[in-house]
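**Student:** let's see this in three dimensions:
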Amino acid sequence: MTVQLNHTIVAAHDKHASARFLADILGLRVSPQYGPFVPVEIPNGVTLDYMDTSDEITPQHYAFLVTEDDFDTIFARIEETGLTHWADPFHHRPGEINRNDGGRGAYFDDPNGHRLEILTRPYGSGG
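**Tutor:** Numbers count the residues shown, from 1 in each chain. Below you'll find the model as predicted:
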């Protein structure tokens, strides 16, 4: 059996701005609105479908595995926009990156408080 994640819905207070934020940071494009969703497709085929809500948003975690070169590019965008970033998901190490498993990783928040992460090596892959 082959199982692949195809899409997930991401709650936002402004779906257009939130989708644009992610796309701009990661260097992706925002797809045309589809029903109530504003999709951002990740290169592996998974789509994050942003949907407006007026309710309180419970922050979720979204981790993006990137190449070393892409990490440099994305991290430069994070710094250029003045986003606070952390080396850990608990926000205990501000202004740092981690070097877990011989790679690099950084965490930052989107406008809705979702915890975003870029990493160059999957956790547990050694190094």
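**Student:** which residue ranges of this structure form helices?
**Tutor:** 15-26, 68-80 (DSSP state H).
**Student:** now the last one: how far from the chain's centre is it?
**Tutor:** Just to be clear, that refers to helix 68-80. Averaging C-alpha positions (C-alpha atoms, centre = their mean, to the nearest Å) puts helix 68-80 13 Å from its chain's average.
**Student:** tell me which residues are up against it.
**Tutor:** 24-27, 66, 85, 97, 103-104, 106, 108, 118-120 (C-beta atoms under 8 Å, 6 or more residues apart in numbering). Every C-beta, even on glycine, is put in place using the N, C-alpha and C of the backbone.
**Student:** that one vs helix 15-26, what angle?
**Tutor:** 120 degrees (axes from the mean of the first three to the mean of the last three C-alpha atoms, to 10 degrees).
**Student:** now do the buried residues in helix 68-80.
**Tutor:** Buried positions in helix 68-80, judged by neighbour count with 16 or more other C-beta atoms under 10 Å: 70-71, 74-75, 78.
**Student:** next: the first one.
**Tutor:** Residues of helix 15-26 classed as buried: 15, 18-23, 25-26 (neighbour count, 16+ other C-beta under 10 Å).
**Student:** just checking, what packs against it?
**Tutor:** strand 7-12, strand 37-41, strand 47-52, helix 68-80, strand 115-119 (3 or more C-beta pairs under 8 Å, 6 or more residues apart in numbering; DSSP states H and E).
**Student:** out of the ones you listed, nearest to His92?
**Tutor:** strand 115-119 (13.1 Å; C-beta to C-beta).
**Student:** average pLDDT for the closest one, rounded please.
**Tutor:** Regarding strand 115-119, the rounded mean pLDDT is 98.
**Student:** list the contacts of the nearest residue to Phe64 once chain neighbours are set aside.
**Tutor:** Once flanking residues are discounted, Phe64 sits nearest to Ile118: 5.2 Å by C-beta to C-beta, 6 or more residues apart in numbering. Residues near Ile118 by C-beta under 8 Å, 6+ apart: 26, 63-64, 66, 70-71, 74-75, 105-106.
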